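> Here you go, sequence then predicted model.
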Amino acid sequence: MQYLVGAIIAVYISILILGKKKRVTADYILAAWSFFAGVHLTYIYYYASGKYIDIPELIGWNAPIPLAHGPFLYAYILQLTQQQKTRYGWLLFFVPFFLGYLYILLDLQPLSNAARISMLSGNQPPELKCEYLFPGLTTAIICSGVVYIAASLVLLRRHKKNINEQFSNTDRITLNWLRYLIAGIVIILSFFILGQAELTFLSVVGFIVFLGYFGIRQVGIISDETAEETTVKGRYEKSTLTGGVAQKIHAELIEVMQTEQLYKDPELTLGMLAKRLAVHPGLLSQVLNTEEQKSFYDYINEHRVNEFKKLVCLPENRNFTILSIAFDCGFNSKSSFNRNFKKITQISPSAYVKQHHLD
């Protein structure tokens, strides 16, 4: 019964996701994935409840379904983190799934209902053309799961690097939702490999509930400004980054940072700074990498740390707390300030204050 309830929840979640006001491609993929998982759970209920005896024509047609979960995971993360290179290229990931159904069609279609039921008991029907049909699919499912889990982890790592290239404060951008999503697939695949059918099916039900609760309300994977930042146009957008151009942008950057102290804005992003300099974000990122050997995140936070070191020494700031001064420098949280300060100076902020007799 729990499988049928899980299937109903999955379909309901799919409807809720499609009911969101601002939908993106990732939402449609998640909704399709949830609906697909509902179909999968319906099939599990079909077998567990013995319904297959009444409707034996459906036996075996669920076998390729697990081949779709890996592509759904990868396509969802790809779209959510905006790393896709083509609009519909992710659909190609489902080719093995459709080939699996073609494989099933050729072998199951000729079987009688009695042969299909007998097959569930582990018997090999003489009409079955390929004796390696289901072992072959099992191997394909395991390989697909491993490959797409690994590929999803690569996407996650790449996205984390991209975040540091675009944002100066990343505390509100969390990748935990995607990590949990990958972990859920790992758990399901592990039970499947170990041959624990019941645990596999129960973990699918749990995964659906998790998918619904967090999938609808997930935030912070990527800022709403990111899409705008990647389309900012400037005078260097189509030019080659030569040494002269890089040095010119770098000089303008230094001047702006010194005179306007833009790093004090806790919401500062690569796109905002690029817009101020009238250059493309991609070129500015290149300049920071070549001229400063730093990511945007490290560059801005180094300025904030240096500003803190200057302000904390001023007599008029002795009555202010360390954290309040840090906030004035552009940090938006205690953890971010402590982490970046120690990374740059090798000591904690409180140790720095004591070391310079500023407490």
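Happy to help now that I have it. Residues are numbered from 1 along each chain as shown.
> Can you report how many residues neighbour residue 326?
Applying other C-beta atoms under 10 Å, we find 26 residues neighbouring residue 326. For glycine as for every other residue, the C-beta is placed from the backbone atoms N, C-alpha and C.
> how far away is it from residue 68?
48 Å (C-beta to C-beta, to the nearest Å).
> again, but for residue 150
17 Å.
> the helices in the stretch 201-350 of the chain, which residues?
Ranges of helices in the stretch 201-350 of the chain, per DSSP state H, counting those that start in this stretch, are 226-229, 243-260, 270-277, 281-287, 296-311, 322-328, 334-345, 349-355.
> Using JSON lines, lay out those together with mean pLDDT and distance to residue 10.
Below are the helices of the stretch 201-350 of the chain laid out as JSON lines (pLDDT from 0 to 100; distance: least, C-beta to C-beta, whole Å):
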{"stretch": "helix 226-229", "mean pLDDT": "44", "distance to residue 10": "29"}
{"stretch": "helix 243-260", "mean pLDDT": "89", "distance to residue 10": "50"}
{"stretch": "helix 270-277", "mean pLDDT": "89", "distance to residue 10": "37"}
{"stretch": "helix 281-287", "mean pLDDT": "87", "distance to residue 10": "39"}
{"stretch": "helix 296-311", "mean pLDDT": "92", "distance to residue 10": "38"}
{"stretch": "helix 322-328", "mean pLDDT": "92", "distance to residue 10": "44"}
{"stretch": "helix 334-345", "mean pLDDT": "91", "distance to residue 10": "37"}
{"stretch": "helix 349-355", "mean pLDDT": "88", "distance to residue 10": "48"}
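> is it possible to export these to TSV including distance to residue 27?
Shown next, in TSV, are the helices of the stretch 201-350 of the chain (distance: least, C-beta to C-beta, whole Å):
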stretch	distance to residue 27
helix 226-229	14
helix 243-260	37
helix 270-277	23
helix 281-287	25
helix 296-311	28
helix 322-328	35
helix 334-345	30
helix 349-355	41
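> quick one: which of those is nearest residue 142?
helix 226-229 (35.2 Å; C-beta to C-beta).
> Output stretch 260-273 as CSV, nothing but the C-alphas.
Coordinates of each C-alpha in stretch 260-273 appear next as CSV, following Å, rounded to 0.1, in the frame of the first residue of the first chain:
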residue,chain,number,x,y,z
GLU,A,260,34.4,53.9,-4.9
GLN,A,261,35.1,51.0,-2.5
LEU,A,262,32.5,48.8,-4.2
TYR,A,263,33.6,45.9,-2.1
LYS,A,264,31.7,47.4,0.8
ASP,A,265,28.5,46.3,-0.9
PRO,A,266,27.7,42.8,0.5
GLU,A,267,25.6,42.0,-2.6
LEU,A,268,28.3,42.9,-5.1
THR,A,269,28.6,40.4,-8.0
LEU,A,270,30.8,40.0,-10.9
GLY,A,271,28.0,41.2,-13.2
MET,A,272,27.5,44.4,-11.2
LEU,A,273,31.3,45.2,-11.2
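> And it, what's buried?
262, 263, 264, 265, 266, 268, 269, 270, 271, 272, 273 (16 or more other C-beta atoms under 10 Å).
> Give me the phi and psi angles of the fifth one.
Yep, that's residue 266 we're talking about. phi -60, psi -20 (degrees, to the nearest 10).
> How about the fourth one?
Its backbone dihedrals place residue 265 at phi -80, psi 110, with angles given as degrees, to the nearest 10.
> which one is it nearest to, not counting chain neighbours?
residue 330 (6.3 Å; C-beta to C-beta, 6 or more residues apart in numbering).
> Thought residue 300 was touching the one you found, still the case?
Yes - taking contacts as C-beta atoms under 8 Å, residue 330 lies within contact range of residue 300: 7.3 Å.
> Now do the shared contacts for these two.
168, 263, 268 (C-beta atoms under 8 Å, 6 or more residues apart in numbering).
> Rank those residues by pLDDT and give me only the lowest.
On pLDDT alone, residue 168 ranks lowest of the shared contacts of residue 330 and residue 300, at 75.
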